[in-house]
Structure formats: structure tokens, C-alpha cells
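Engineer: just need the structure, nothing else, for what follows:
(chains A and B)
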There are 2 protein chains.
Amino acid sequence: MTTTPARQDPPRWLDDDEMAAWLPFIRVVSLLPQALDRQLREEVGVSHTYYQVMALLSAQSDRTATMGDLARLTTTSPSRLSHAVTSLEQRGWLRRSPCPTDRRVQYVSLTDEGYGVLEAVAPTHVAEVRRKVFDRLTREQVRQLRSIGSSLLEALDDSITTEPTS
Amino acid sequence: MTTTPARQDPPRWLDDDEMAAWLPFIRVVSLLPQALDRQLREEVGVSHTYYQVMALLSAQSDRTATMGDLARLTTTSPSRLSHAVTSLEQRGWLRRSPCPTDRRVQYVSLTDEGYGVLEAVAPTHVAEVRRKVFDRLTREQVRQLRSIGSSLLEALDDSITTEPTS
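Structural biologist: Residues are numbered from 1 along each chain as shown, chains lettered A, B, ... in the order given. Below is the predicted model:
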């Protein structure tokens, strides 16, 4: 039994305001990836995670990143990322290559074919993001969401900086 | 090739404000469940989905719900929910029973042992929710998040109402 300070203090339960924010928010956090996933699987047969990997590579110079950078950018665990990269490589959409100067480093590149897939699917994906998110929010709420998201991300990024990436 | 109206219109890409909101938000959506999951797995050896199933049952009268209600409340796919319920039943934390009047309906109840587990883990879970979310937000942002979350949930709930639950 650990005895951290958090355990010794009496629990600070969520108050009514916090619970009224938490319940819809945690449902959104659960449902949004499912909705984006469903649309992408129907459209092009890849998950949202796979789409994110390709989209992030397309924004890198030479459409190439190290596996470590890719893990950090996509917030995907090393094992899930490795699985995604292998699957996308088998389709010919990504290509792995070793770093010539450091054998521990591996590069991943988006192929021309992969870029073509991304170009074909991006319009319907962004339309789905609009339908599920931005069409529902006022301009003011978009700015609020940016600020809230950035604040939450600080706490979450802190908690993954110690995870291994390679 | 389908030809929906969305495909014929030119894509409305996200503008700078929207992208500035989207990038941190989609990372939060991806990282928050991982963080909550990690804490619960370390603490009590269950995933956040399992915790949610038990927490939702604890709030029902007689701590009992039908599988259909549970699927709707937890926003979990029928197959994942069935897997979670089976696993929690094997630990003695849930109990399934048939409805005496309708053989298609199955009840799920939280056992006293399951309730005890929930009571034991809830304080550290809520502390983690505070650390990752509410400690990072002002009161005003909590109200904004409630409003934003409720708006987004409408679009997402619409999209799952046609999914089968039993």
C-alpha cells in the first residue's frame, strides 16, 4: 500500500459545476475518436491513428521523420506506432530506412502513393471534423477551446515525457 | 466512387483559428484516456473503460442496468462492453442475470465486492482527474468546457443512436 500525500488527504470530489463539465467532456473524449475512426475506415480503410501518422509525416520536410519524433507527435505508444508503421508500409504508403550514422535511429517516410491517399481522403476527413466539431461551435468557443486544450495539454505532455521513444 | 454533396463542394480547410484549437484538442482527446487508464491500471488493475462501467452501475437504482442501457451510458461498442462485463464478472465485481419476462434482455449488477473496489479507487481517480483537468482550468473555463462539451456531444450522440444495443 503506497502512502502518497494524495491518499492521506480527504478526497476532493468534483463539485456540481465540475461534474456538469466532466460528464459531457469525457463522453466527447470517448466518442469523437470513434466517430473519426468510423468515417476513415469506411472511406479509405485506415484508422484515425493511421491517418494521423500519414498526416504528420506529410507536414515534415522530405515527408520524413524518425520513429522517435513520430511517436512524440502522434502521442502513440511505441508498440502501437510500430504496428501502424508496419501495416502502412505493407500497403506501400510508408517506407522505413535506417539512419546511416546511428543504427538506433530509424527513419519513416511517406511515399508518393501514401501522399496520394492522404490527398484523396483529406477533404472528407476535414468535412467530418467540421460536422462533429467546428460547425457546433461559435468563433468565441473555438478560441476558448484553444485555450482550454493548450492548458490541459501541458499536464498531459508532462506525463509522457518520461516514456521511452526510440 | 460515391458522389455525396460533401465530395462535390470544394473542401473547407480549417483556418488558422480552427487549426490552433484542433491540434491541442485532438492531442488531449488522445492523451487523456491514456493518462486515466495508466493511473487506474497501476492502482487497481482495470482500464478506464472498466472503471466507467462500474461507476455507472453504482449510480443506478439497485446498482443494476440492462446491457443495452450500459452500452448507451458508457458509449462502448457492444463487443467491447461484453468483453469488459465478462472480465469484471470473473473477478466477482459484476453479476449478470436474465430478465424473467424478456429473454433478449440481460441485467448487469455491481456486486458488493465491486462496490468496495470502486470506493477504494475513487479517491485516487478523482485526484488524477483534478491533476489532469480541473487544476488546470479557471472556473470560467470549467463553465466554457461544459457548454462546448454539451454542444459537441449532441453531434456525437446523434451518430451513435442508430448503433445496435441489446
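
Engineer: C-alpha only now, for contacts and for neighbours.
Structural biologist: OK.

Engineer: so which helix or strand of chain A has the lowest pLDDT on average?
Structural biologist: Least confident helix or strand of chain A, by mean pLDDT, DSSP states H and E, is helix A:5-8 with a mean of 52.

Engineer: helix or strand right after that one?
Structural biologist: As assigned by DSSP states H and E, the chain's next helix or strand after helix A:5-8 is helix A:16-44.

Engineer: report the buried residues of that next one.
Structural biologist: Using 16 or more other C-alpha atoms under 10 Å in any protein chain shown as the test for burial, helix A:16-44 gives A:18, A:20-22, A:24-25, A:27-37, A:39-40.

Engineer: check stretch A:71-78 too.
Structural biologist: Quick answer for stretch A:71-78 (16+ other C-alpha under 10 Å): A:71-72, A:74-78.

Engineer: what sits up against that stretch?
Structural biologist: Under the criterion C-alpha atoms under 8 Å, 6 or more residues apart in numbering or on different chains, residues A:49, A:52-53, A:56, A:81, A:164-165, B:27, B:30-31 lie in contact with stretch A:71-78.

Engineer: identify the farthest-apart pair in the buried residues of stretch A:71-78.
Structural biologist: Greatest spatial distance among the buried residues of stretch A:71-78 (C-alpha to C-alpha): A:74 and A:78, at 10.3 Å.

Engineer: okay, the spatially most central residue of chain A: pLDDT?
Structural biologist: Most central in chain A under C-alpha atoms, centre = their mean is residue A:74, positioned 4.4 Å from the mean C-alpha point. Looking at residue A:74, its pLDDT reads 80.

Engineer: same thing with residue A:70?
Structural biologist: What the model reports as pLDDT for residue A:70 is 90.

Engineer: tell me the contacts of it?
Structural biologist: A:53, A:56-57.

Engineer: cool, residue A:56 as well?
Structural biologist: With C-alpha under 8 Å, 6+ apart, residue A:56 has these contacts: A:70, A:73-74.

Engineer: show me what the helix or strand hosting residue A:140 is in contact with.
Structural biologist: Taking DSSP H and E as the criterion, residue A:140 maps to helix A:139-160. By C-alpha under 8 Å, 6+ apart, the residues outside helix A:139-160 that reach it are A:134, B:17-18, B:20-22, B:24-25, B:27-28, B:31-32, B:35, B:131-133, B:136-137, B:141, B:144-145, B:148.

Engineer: what's the angle between it and helix B:139-160?
Structural biologist: 90 degrees (axes from the mean of the first three to the mean of the last three C-alpha atoms, to 10 degrees).

Engineer: now helix A:139-160 and helix B:16-44, what's the angle there?
Structural biologist: 40 degrees.

Engineer: for helix A:139-160, which positions count as buried?
Structural biologist: Per 16+ other C-alpha under 10 Å, helix A:139-160 contains these buried residues: A:141-153, A:155-157.

Engineer: how far is that helix from where the chain is centred?
Structural biologist: Distance, stretch centre to chain centre, for helix A:139-160: 14 Å (C-alpha atoms, centre = their mean, to the nearest Å).

Engineer: alright, calling it a day.
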